[in-house]
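A.B. asks: sequence and predicted structure below; questions after.
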Amino acid sequence: FRNFFYFSPFHMTDKNMSEFSELIIKEKISVLRGYPSSLMTFAKFIKNHSYDIPPIKFILTASEVLLDKERNLIEDVFNTKIYDHYGLAEICVMMGECEKHQGLHNYNDYGYLELLEDNGYNKIIGTNLHNYAMPLIRYDTGDLAITKDKCLCGREFPIMKSIKGRKDSMIITPKGQKISLVNFYTMFDDFLEINRWQIIQEKNYMVNFLLDMPNVSEDRLISLKTEIVKRIPNEVKTRITIVENKSFIKTGEGKEPPFISKLILE
């Protein structure tokens with residue numbers, strides 16, 4: 001009815017992605033929408049298998065933090081621009097990129113946005129304007145953003161330079177110390193060899209770093225381990241596991257969260 005084709009993010013095998021590609025060609029699909037992690041996997045497949053995909057008008061991404069290296073590869077493979085999007089099931093805040101791609105503009109007619117300073121970042125607080133039955137007032141989304149002054153487009157909507165993920169994504173040590181995941185975003189950006197990453201807290205004394213970085217040298221791996229250890233207290237053991245992109249854990253919705261805690265609090 002809405003002229004959509006749905007592809008499962010849980011089944012990104014070569015065989016299935018080949019079928020996805022053939023359907024895109026057959027139906028002349030012109031717009032792609034999906035999680036950045038799924039589109040990244042698909043873009044790599046298209047690049048490696050040289051499919052002659054029809055011209056794509058634009059790509060919409062949402063539900064995960066879009067990394068620069070993901071944007072660059074996806075845009076290069078499909079020869080088009082990504083319009084990133086931020087929204088919530090609670091329908092109180094929505095943001096999206098304009099044609100200048102300099103950040104995410106808040107849609108002021110959708111929800112009232114407040115930004116509260118929190119250790120160099122801004123907590124995203126929203127009030128929805130169109131839920132007349134049970135509006136959410138000053139709802140703390142748990143997400144953090146970096147703001148930007150202006151966009152070249154001239155629109156006056158508040159603009160976010162980037163979304164940095166959830167404030168409550170915390171590594172918890174045996175002593176109860178909480179380490180925010182935002183400590184690792186900038187650090188991982190300095191290692192261009194990393195295609196994707198995921199942090200899994202197995203126990204309060206064990207954290208596993210899953211890294212998709214097939215071409216890393218031994219020296220760079222040592223440097224990476226050094227930087228990770230700097231950010232983790234001594235009582236927490238760390239493990240670095242080199243994996244393929246398809247090995248990352250997904251949620252029930254097919255999202256690929258940067259942090260998963262298996263910690264059972266006693």
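C.D. replies: Structure received. Numbering: from 1, shown residues only.
A.B. asks: isn't residue 100 right up against residue 150?
C.D. replies: No: taking contacts as CB atoms under 8 Å, residue 100 lies outside contact range of residue 150: 10.4 Å. (Glycine included, C-beta is placed from N, CA and C.)
A.B. asks: give me phi/psi at the residue lying closest to residue 225 once chain neighbours are set aside?
C.D. replies: Among residues not flanking residue 225 along the chain, residue 240 sits closest, at 6.2 Å (CB to CB, 6 or more residues apart in numbering). Per-residue torsions, residue 240: phi -110, psi 120 (degrees, to the nearest 10).
A.B. asks: residue 240 and residue 228 touch, don't they?
C.D. replies: Yes: here residue 240 reaches residue 228: they are 7.3 Å apart, a contact under CB under 8 Å.
A.B. asks: quickly list what's touching both of the two.
C.D. replies: Jointly contacting residue 240 and residue 228 under the rule CB atoms under 8 Å, 6 or more residues apart in numbering are residue 209.
A.B. asks: between those two, who's got more neighbours?
C.D. replies: Between residue 240 and residue 228, counted using other CB atoms under 10 Å, residue 228 has the larger neighbour count: 18 against 14.
A.B. asks: that one contacts residue 209, doesn't it?
C.D. replies: Yes: with contacts counted by CB under 8 Å, residue 228 reaches residue 209, the gap being 6.4 Å.
A.B. asks: what packs against the one helix or strand residue 21 maps to?
C.D. replies: For residue 21, the host element (DSSP states H and E) is helix 14-27. Contact partners of helix 14-27 among helices and strands, from 3 or more CB pairs under 8 Å, 6 or more residues apart in numbering; DSSP states H and E: helix 36-49.
A.B. asks: for the helix it packs on, buried residues please.
C.D. replies: Neighbour counts over helix 36-49 (16 or more other CB atoms under 10 Å) mark 36-46 as buried.
A.B. asks: over to stretch 46-64?
C.D. replies: 46, 51, 56, 59, 61-64.
A.B. asks: which of those fall in strands?
C.D. replies: Residues of these located in strands (DSSP state E): 59, 61.
A.B. asks: got TSV for the buried residues of stretch 46-64, with distance to residue 171 too?
C.D. replies: What follows is the buried residues of stretch 46-64, written out as TSV (distance: CB to CB, whole Å):
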residue	distance to residue 171
46	35
51	40
56	38
59	32
61	26
62	26
63	22
64	19
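A.B. asks: find the residues that touch each one of residue 228 and residue 209.
C.D. replies: Shared contacts of residue 228 and residue 209 (CB under 8 Å, 6+ apart): 238, 240.
A.B. asks: where does the stretch 1-150 of the chain dip in pLDDT?
C.D. replies: Applying pLDDT under 70 to the stretch 1-150 of the chain flags the ranges 10.
A.B. asks: flag every buried residue along stretch 139-156.
C.D. replies: Applying 16+ other CB under 10 Å to stretch 139-156 flags 139, 141, 143-145, 151 as buried.
A.B. asks: which residue ranges form the helices in the protein?
C.D. replies: 14-27, 36-49, 68-78, 182-189, 218-230 (DSSP state H).
A.B. asks: so what touches the first one?
C.D. replies: By that I understand helix 14-27. Applying CB under 8 Å, 6+ apart, the set of residues contacting helix 14-27 from outside is 5, 7-8, 29, 41-42, 45-46, 49, 51-54.
A.B. asks: one more time with 10 Å
C.D. replies: Helix 14-27 is contacted by residues 3, 5, 7-8, 10-13, 29-30, 32, 41-42, 44-46, 48-49, 51-54, 56, 246 when judged by CB atoms under 10 Å, 6 or more residues apart in numbering.
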